[in-house]
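K.L.:
Generate a structure from the sequence data that follows.
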Amino acid sequence: MPNIVFLEPNKMDSEPFTTSKVVAEITGIAHRYIKKQIYQRENELKQFGLLVSHATESTGGRPEEIIRLNEQQVTLLSSRMVRLIFSRACLSEALADC
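P.N.:
Take a look at the predicted model:
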């Protein structure tokens with residue numbers, strides 16, 4: 001299983017974090033969609049800490065932006081996304097019954 005939680009090295013009181021890329025890989029949702037959801041909920045997420053982003057090294061294309069999320073931010077983001085996915089599934093099911 002890949003690493004899903006990280007700590008800053010050489011920092012005694014380091015706060016555990018994960019990344020938007022890890023969330024995308026685990027959920028099977030496209031990374032660009034995860035980032036879109038983060039930016040749409042930016043003010044809510046910032047209540048629980050900074051949103052730190054960094055670009056990965058490019059392998060010929062554009063560098064990919066990855067956003068660090070703490071535990072509270074991931075919890076908020078996932079709860080909002082579950083509601084969205086559930087409501088879409090209910091809508092699809094309702095339409096199929098017509």
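
K.L.:
can you map out the strands along the chain?
P.N.:
Secondary structure of the chain (DSSP state E): strands at 18-19, 52-55, 65-69.

K.L.:
Distance from the shortest one to the middle of the chain?
P.N.:
Computed by CA atoms, centre = their mean, to the nearest Å, the separation of strand 18-19 from the middle of its chain amounts to 7 Å.

K.L.:
List the neighbouring strands of that strand plus their orientation.
P.N.:
When pairing is defined by DSSP bridges, strand 18-19 lines up against strand 65-69 (antiparallel).

K.L.:
What are the buried residues along the strand it pairs with?
P.N.:
Buried residues in strand 65-69, defined by neighbour count with 16 or more other CB atoms under 10 Å: 66-69. Every residue, glycine included, has its C-beta placed from N, CA and C.

K.L.:
dump the residue contacts of the residue nearest the centre of the chain.
P.N.:
In the chain, the residue lying closest to the centroid (CA atoms, centre = their mean) is Ser20, at 3.7 Å. Ser20 makes contact with 31, 34-35, 38, 66-67, 69, according to CB atoms under 8 Å, 6 or more residues apart in numbering.

K.L.:
Output those in CSV, with pLDDT and distance to Glu15 appended to each entry.
P.N.:
Converted to CSV, these look like this (pLDDT from 0 to 100; distance: CB to CB, whole Å):
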residue, pLDDT, distance to Glu15
His31, 91, 23
Ile34, 92, 20
Lys35, 95, 21
Ile38, 95, 18
Ile66, 95, 17
Ile67, 96, 15
Leu69, 94, 11
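
K.L.:
and which of those is nearest to Glu57?
P.N.:
Checking these against Glu57 by CB to CB gives Ile66 as the nearest, at 11.2 Å.
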